[in-house]
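Q: pasting the structure only:
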């Protein structure tokens, strides 16, 4: 399908790789390809989780393609282009199937903003993270000023954005920017195993958790609890819930069908 991304499917896991040497920068065409792949993943019941990574070992993505910066000189064109990218990242964030960023190397600028939009992140021990836009006299433009404070707290986020500092995978783990860090030599295998574990889970319950957590972040606690209750009442009557409880008592592995 794409020129800048490659797709591999392993069972219920789709592995989408940004493949744009040398640093996997995010051209507009690349981002639009990712959006098109999401259409396929959403409609394919056989895909239960998505792993998003970068080609090679050096870079997950070094961010926006600087060769396209000149195209944004027109405010109207810039608003349209960046608005579409915001919509894509919000789509990733609210996607009904888990999307895991497998950060194999540097995640800088828009690359860091892309991994922040994913539900979960697993990082190679060699990965690095940063929003260095301030060094160019600009600000993060793909949601970094909003998602980073929500993920790691306002003061830490401001410290990183105002300095343009790059942090290690271990520090990203300590800050809560990623879920886990794994050795570089076994990175892809462990990332796929992580995604496969999620893919074997109950789809309805996973969708409910993702939706309740995402929507709840934008509401009051009482409104969030109402969203949770809505999902809870629906899911506890599902075939998957019956199967899960039955499997628990019979001490066997549950077979979830998303019904």
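A: Thanks, I have the structure now. None of the values given here were measured: they were computed from a predicted structure.

Q: And for residue 137, the neighbour number?
A: 6 (other Cβ atoms under 10 Å). Every residue, glycine included, has its C-beta placed from N, CA and C.

Q: quick one: contacts for it?
A: For residue 137, the contact set (Cβ atoms under 8 Å, 6 or more residues apart in numbering) is empty.

Q: now it: how far from residue 33?
A: Using Cβ to Cβ, to the nearest Å, residue 137 is found at 29 Å from residue 33.

Q: How about residue 54?
A: Separation of residue 54 from residue 33 (Cβ to Cβ) stands at 14 Å.

Q: And those two? Which one has more around it.
A: Per other Cβ under 10 Å, whichever of residue 54 and residue 33 has more neighbours is residue 54, with 27 against 20.

Q: Okay, and the beta partners of that one?
A: residue 18 (DSSP bridges).

Q: Hmm, it is touching residue 105, no?
A: Yes. If you go by Cβ atoms under 8 Å, residue 54 and residue 105 touch, sitting 6.3 Å apart.

Q: And residue 66, how far from residue 109?
A: Counting by Cβ to Cβ - residue 66 and residue 109 are separated by 10 Å.

Q: residues shared between the contacts of the two?
A: The overlap between the contact sets of residue 66 and residue 109 (Cβ under 8 Å, 6+ apart) is empty.

Q: More neighbours: those two, which one.
A: More crowded of residue 66 and residue 109, by other Cβ under 10 Å: residue 109, with 26 against 11.

Q: pLDDT score assigned to that one?
A: Note on residue 109: pLDDT of 96.

Q: For it, which residues are in contact?
A: Shown in contact with residue 109 (Cβ under 8 Å, 6+ apart): 62-64, 130-133, 140, 142, 144.

Q: What are the phi and psi values at it?
A: Main-chain torsions, residue 109, degrees, to the nearest 10: phi 50, psi -120.

Q: got the buried residues for whichever strand or helix holds residue 174?
A: Assigned by DSSP states H and E, residue 174 belongs to helix 169-175. By 16 or more other Cβ atoms under 10 Å, the buried positions in helix 169-175 come out as 169, 171-173, 175.
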